[in-house]
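[1] fold the following and give me the result.
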Amino acid sequence: MSSIVKIALVDDEVLFRKGIAFLLQKEDNFEIIFEASNGEELISKLNSSESKPDIIIMDLKMPVLNGVEATKIIRKSYPDIKIIALTSYDTKSFVANMIQVGAVAYLIKNTTPKDLIHTVNEVAKKGFYYSQIVLKTIQETIVSSKNSKGNLETGFLSPREIEILQLICQQKTTTEIADHLFLSPRTVEGHRNNLLLKTESRNIAGLVVYAIQNEIAVLTI
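    Predicted coordinates:
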C-alpha cells in the first residue's frame, strides 16, 4: 500500500508496546503517531492531537480506563477511527464483547508479526478484518443469541443493497465490489452509507454482524 497508515498504540505493558512499535515502524506504509498506557491517556491524546490515527491497536485490560470502555467512547467521539483489539484474552465472551462495542479486528498477543501486519493492512484497506477464530465466535456467540437477532425484515433493504452487503461480508473492498457489479466506487459508497443508516450500524464491522444475525450472508475469509 502506498498511502501512510497512521497508528496509535495503547498498552500498559511498556516493553510489549515498544516491541510492537518497533515491528510496525519497519513497514514503509505505517507511522506510529503516538502511544498511550491506558484508555484515559489515549482519549486525552486524541483530544489534544491535531493529527488523528487511522487505526488504534489497543489492549483490553489496562488500569484507569480499560480497552472496552475506551472503545465505546472512541466509537462515539471519533467514529472514523478503526480499533484493533490486541490482547491475551481469547475467550468467546471477550471477542464477542469487543466486536459488539465496535472493534473492527481482534488479535491475540501470541499472534505472529506477519498476521499483525496483514491485519493492519486489511483494516486500512477494507475497514475491518476478521480471522477464522473471530468469524467462528461471531457465528456461535453473537448470532446464536436470540436477544441480538435483528428486527428488520430483509425487505427493508433493496436487492442491490443486499447484494453489496453480501460482498462486504466476503471482505471485499469498495473497488472490488464496484468492479464485480459494474458500478462506480462512489455508487458503492452511497449504497454502503444507506446500509449503515438503515441497519443503524456504526461501522462496516457492524454491518457484517447485522448481515449474519439476519441470515443475509455467510461470512468468509
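[2] roughly how far out does the worst-scoring helix or strand of the chain on mean pLDDT sit from the chain middle?
    Lowest mean confidence among the helices and strands of the chain (mean pLDDT, DSSP states H and E): helix 132-137, at a mean of 78. Relative to its chain's centre, helix 132-137 lies at 14 Å (C-alpha atoms, centre = their mean, to the nearest Å).
[3] which elements pack onto that helix?
    Contacts defined by 3 or more C-beta pairs under 8 Å, 6 or more residues apart in numbering; DSSP states H and E place helix 132-137 against helix 92-101. Using the backbone N, CA and C atoms, a C-beta is placed for each residue, glycine as well.
[4] what does the helix it packs on rub up against?
    60, 67-68, 71-72, 75, 85, 87, 106, 133-134, 137-138, 140-142, 205, 209 (C-beta atoms under 8 Å, 6 or more residues apart in numbering).
[5] what residues of that helix count as buried?
    By 16 or more other C-beta atoms under 10 Å, the buried positions in helix 92-101 come out as 94, 95, 96, 97, 98, 99, 100, 101.
[6] same check, this time on stretch 179-197
    Counting neighbours by 16+ other C-beta under 10 Å, stretch 179-197 gives 183, 187, 188, 191, 192, 195, 196 as buried.
[7] among the residues you listed, which two are most distant?
    183 and 196 (17.5 Å; C-beta to C-beta).
[8] average pLDDT for stretch 170-186?
    Average pLDDT, stretch 170-186: 92.
[9] again, but for stretch 50-59
    In the prediction, stretch 50-59 has an average pLDDT of 94.
[10] got a list of contacts for it?
    For stretch 50-59, the external contacting residues (C-beta under 8 Å, 6+ apart) are 5-13, 20, 33-34, 39, 42, 46, 67, 70-71, 74, 78, 81-87, 120, 123-124.
[11] can you check stretch 11-25 too?
    By C-beta under 8 Å, 6+ apart, stretch 11-25 touches 7, 9-10, 30-32, 35, 37-38, 57-59, 62-63, 86, 109, 113, 116-117, 120.
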